[in-house]
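Asks: I'll drop the sequence and a predicted model, then ask my questions.
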Amino acid sequence: MTHSMDKSVQKTRFAIADLQKRIAVLEATREDLERQIRKLNDSVPEEDVQGNEQREGYVAYGSYAKSVIARKENLRDSLEDITAQTSDLSVDLRIALDALDSFERVRARQMAAKAEKALRKVS
């Protein structure tokens, strides 16, 4: 295999490892955001806000509930961003894996050609 192909394989493997790490970080972040949303849902289910509008003390509860709902919306927006980033990185990872596969196929053909040439010399 040529030196330039070795460098290309090395760079591609590095890119794959980097992409896998970045995807893992995004997945961990996604899980944390989902956990935070579940926690907020447990503390203030959005359907309860409508039912409590007529109750005494709603002003205090309502302000708190609205802030929790706004926080959940922010978390959902962040979750959508994380999902989009993960999707983009997954595409990049697939491309890098395909490139590495191509390098490996070229390497296999080169090795087969060398083996065939060596056999011809021996014969």
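Replies: Now that the structure is in, tell me what you want to look at.

Asks: so which elements touch the longest helix along the chain?
Replies: For the chain, the helix with the greatest residue count under DSSP state H is helix 58-122. Helix 58-122 is packed against helix 3-43, helix 46-51, with contacts defined by 3 or more CB pairs under 8 Å, 6 or more residues apart in numbering; DSSP states H and E. For every residue, glycine as well, the C-beta is placed using N, CA and C.

Asks: just want the angle from it to helix 3-43.
Replies: 160 degrees (axes from the mean of the first three to the mean of the last three CA atoms, to 10 degrees).

Asks: quick one: mean pLDDT for helix 58-122?
Replies: The average pLDDT within helix 58-122 is 91.

Asks: can you check stretch 31-48 too?
Replies: The average pLDDT within stretch 31-48 is 86.

Asks: also stretch 3-19?
Replies: Stretch 3-19 comes out at a mean pLDDT of 91.

Asks: buried residues in it?
Replies: Across stretch 3-19, burial judged by 16 or more other CB atoms under 10 Å covers 8-9, 12, 15-16, 19.

Asks: distance to Met111 added to the residues you listed, as JSON lines?
Replies: As requested, the buried residues of stretch 3-19 are exported to JSON lines (distance: CB to CB, whole Å):
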{"residue": "Ser8", "distance to Met111": "17"}
{"residue": "Val9", "distance to Met111": "14"}
{"residue": "Thr12", "distance to Met111": "19"}
{"residue": "Ala15", "distance to Met111": "24"}
{"residue": "Ile16", "distance to Met111": "22"}
{"residue": "Leu19", "distance to Met111": "28"}
